[in-house]
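> have a look; sequence and predicted model below, questions after that.
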Amino acid sequence: MTALKETLLKKIEEHRPRTTRLLKEFGDVKVSDVTIAQAIGGARGVRCLVTDISYLDPHEGIRFRGKTIPETFEAMPKVPGSEYPFVEGFWYFLLTSEVPTEKQTLEVVEDFKKRRELPKYVMDVLRAMPRDTHPMTMYSAGILAMQRESLFVKRYNEGMNKMEFWDPMYEDCTNLLAKLPSLGAFIYRLKFKDDKQIAPNMDLDWGGNFAHQMGVDHPYDDVARMYFILHSDHESGNVSAHTTHLVASTLSDCYYSLSAGINGLAGPLHGLANQEVLSWTMKFMDKLGGIENVTKEAVKDALWETLNAGQVVPGYGHAVLRKTDPRYTSQREFCLKNLPDYPLFKLISMIYEVAPGVLQEHGKAKNPWPNVDAQSGVIQWYYGVTEWDFYTVLFGIGRAIGVLANITWDRALGYAIERPKSVTTAMLEEAAGIK
Ligand code: CMX
């Protein structure tokens, strides 16, 4: 057994009695009330999910296993010659809450390499799809196509004790995660590089090999590592995490579950917003006849035009956050260090200066500050990945790290099938005393 799996089992065994005790002895203790606005309005703020892998504070932003983003980057073992950590070590950390040693990290790196190869039939499935299919559709289909590989299903059909569910779930999740960078890069080169594919390099780590298979030089490997870690987890209520968890709660395997979560990520109010930010910015620049003609006044007018047309400003606002997203800040710091004079970065910064004021004046959005998606596209653009409809696939590769760690723990702790209760409009009217 690897050090990761051994530590995970130890952590699971230590954790189980806590969940059991809470359920058995304190099951009736209230953690949330539900208002009519919450029932109609997307269950915003209703506390009815449990995860220990990350927590999102409205003002501070995300913490992974108790660590802020800078603390996480600081603590994890770094790839030699690189400023960012091994994503494999971060996977170890999310699963176990322990910062791995270099040796433990390298063991995961080697384990991932063994599981990396993308089955040929997945490539055949993707090649059979029309080339104008959206990359997110291909990504979701590629994941789903691999469902036949599931060890969880095999073991379940043989008759498996529920205390063992976590084991094949962990194996499935690791097998799938190891393949995702190759799947993403395959889709990129299939759609945008005439299907001229680059073979994986077995000397490289997960993030480094992604950059290699994309065909983009250093420091894109570091961009990839940073990006994947930043996008990994955002507690459990966001649509991609919640959907993955929901589907897995039926004991569907991780292929079905992640594919479903990715379909949720593909919506413009969620992950697709990073594509929308770039397309919004480019349309606006084209209209002005070039970046040199952009002024704060012009940005303000464009924002109002969008709002007056009844549309959302992509990359701004959040269901939980009430301050600038630290994932935005982290990427902004990367830009300030690596591309401070890049015109598109300057424009994105100008939007950051103007948009919060406009959104406040508009008076609807509870959070006028930028989220992660407002800043990610410009980095990709700078390094030559300008095909913005690919950007959400990048998000989807990163998001897999968090949601797959979560569903492994879901099975370890025996979380129940999800089944919230619905009511009718008449019942709400009755509760409101108007009927
Ligand atoms: N531009 C214009 N209006 C906005 C807005 C924005 N960026 N953000 C919120 N609003 C509006 C909402 O549409 C809503 O309007 P109605 O009352 O007419 O329905 C009102 O403000 C209140 O919404 P809210 O409570 O502040 O925000 P929600 O929790 O309902 O939604 C989110 C959160 C992210 C969907 C929303 O802020 C939004 O649409 N943002 C733009 C899209 C985006 O960037 N999404 C990416 C989020 C991060 C991610 O998941 O990747």
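On my side now, so go ahead. Residues are numbered from 1 along each chain as shown.
> what does the stretch 251-400 of the chain put close to the ligand?
269-271, 273, 307, 312-319, 364-367, 371-373 (Cβ under 6 Å from any ligand atom). C-betas here are computed from N, CA, C, even on glycine.
> pull the residues that contact stretch 360-368.
Outside of stretch 360-368, the residues within contact range by Cβ atoms under 8 Å, 6 or more residues apart in numbering are Leu307, Tyr316, Gly317, His318, Leu321, Arg322, Lys323, Ala355, Pro356, Gly357, Val358, Leu359.
> list the buried residues of whichever strand or helix holds Leu344.
Here Leu344 sits within helix 343-362, counting by DSSP states H and E. Across helix 343-362, burial judged by 16 or more other Cβ atoms under 10 Å covers 344-345, 347-352, 354-356, 358-359.
> near the ligand, which residues of the stretch 101-250 of the chain? Just list them.
Counting by Cβ under 6 Å from any ligand atom, the stretch 101-250 of the chain sits next to the ligand at Asn238.
> taking the stretch 101-250 of the chain, what residue is nearest to the ligand?
Asn238 (5.8 Å; Cβ to the nearest ligand atom).
> distance check, the closest residue in space to Thr386 that isn't next to it in sequence against Cys335.
Using Cβ to Cβ, 6 or more residues apart in numbering and skipping residues adjacent in sequence, the residue nearest Thr386 is Gln380, 7.5 Å away. Gln380 is 12 Å from Cys335, where distance means Cβ to Cβ, to the nearest Å.
> rewinding a little: and the following helix or strand past the helix holding Leu344 with helix 343-362, angle?
In the C-terminal direction, the helix or strand that comes right after helix 343-362 (DSSP H and E) is helix 373-382. Between the axes of helix 373-382 and helix 343-362, defined by axes from the mean of the first three to the mean of the last three Cα atoms, to 10 degrees, the angle is 170 degrees.
> same for helix 373-382, what does it pack against?
With contacts defined as 3 or more Cβ pairs under 8 Å, 6 or more residues apart in numbering; DSSP states H and E, helix 373-382 has these neighbours: helix 220-230, helix 273-288, helix 326-338, helix 343-362, helix 391-412.
> what residues are up against the nearest residue to the residue of the stretch 101-250 of the chain closest to the ligand once chain neighbours are set aside?
Nearest non-adjacent residue to Asn238, counting by Cβ to Cβ, 6+ apart: His270, 7.0 Å away. Counting by Cβ under 8 Å, 6+ apart, His270 touches Asn238, Val239, Ser240, Gly264.
> same thing with Thr174?
Asp111, Phe112, Arg115.
> got the buried residues for the helix or strand harbouring the second one?
Secondary structure here is read from DSSP H and E; on that basis Phe112 sits in helix 102-114. Buried positions in helix 102-114, judged by neighbour count with 16+ other Cβ under 10 Å: Gln104, Thr105, Leu106, Glu107, Val108, Val109, Asp111, Phe112, Lys113.
> surely Gln197 meets Arg189?
Yes - when contacts are counted by Cβ atoms under 8 Å, Gln197 is listed as touching Arg189 (5.3 Å).
> overlap in contacts of these two?
Here Gln197 and Arg189 have Gln213 as joint contacts, going by Cβ under 8 Å, 6+ apart.
> nearest spatial neighbour of Gln331, skipping sequence neighbours?
Nearest to Gln331 is Gln375, by Cβ to Cβ, 6+ apart, at 4.2 Å.
> now swap in Gly267 and tell me
Val239 (6.9 Å).
> if we can go back for a sec, so how far is the helix holding Phe112 off the chain centroid?
22 Å (Cα atoms, centre = their mean, to the nearest Å).
> what about the residue of the chain found nearest the ligand, neighbour count?
Closest residue of the chain to the ligand, Cβ to the nearest ligand atom: Gly317 (2.2 Å). Other residues near Gly317 number 21, with proximity taken as other Cβ atoms under 10 Å.
> show me where the stretch 51-200 of the chain has its helices.
69-75, 87-96, 102-114, 120-128, 135-145, 151-158, 166-192 (DSSP state H, counting those that start in this stretch).
> quick one: find the helix or strand in the protein with the lowest mean pLDDT.
None of the helices or strands of the chain scores lower by mean pLDDT, DSSP states H and E than helix 273-288, at a mean of 91.
> heading C-terminal from that helix, find the next helix or strand.
Immediately after helix 273-288, counting by DSSP H and E, sits helix 296-308.
> re the thing from before, please tell me how far the residue nearest to Asn238 sits from Val393.
14 Å.
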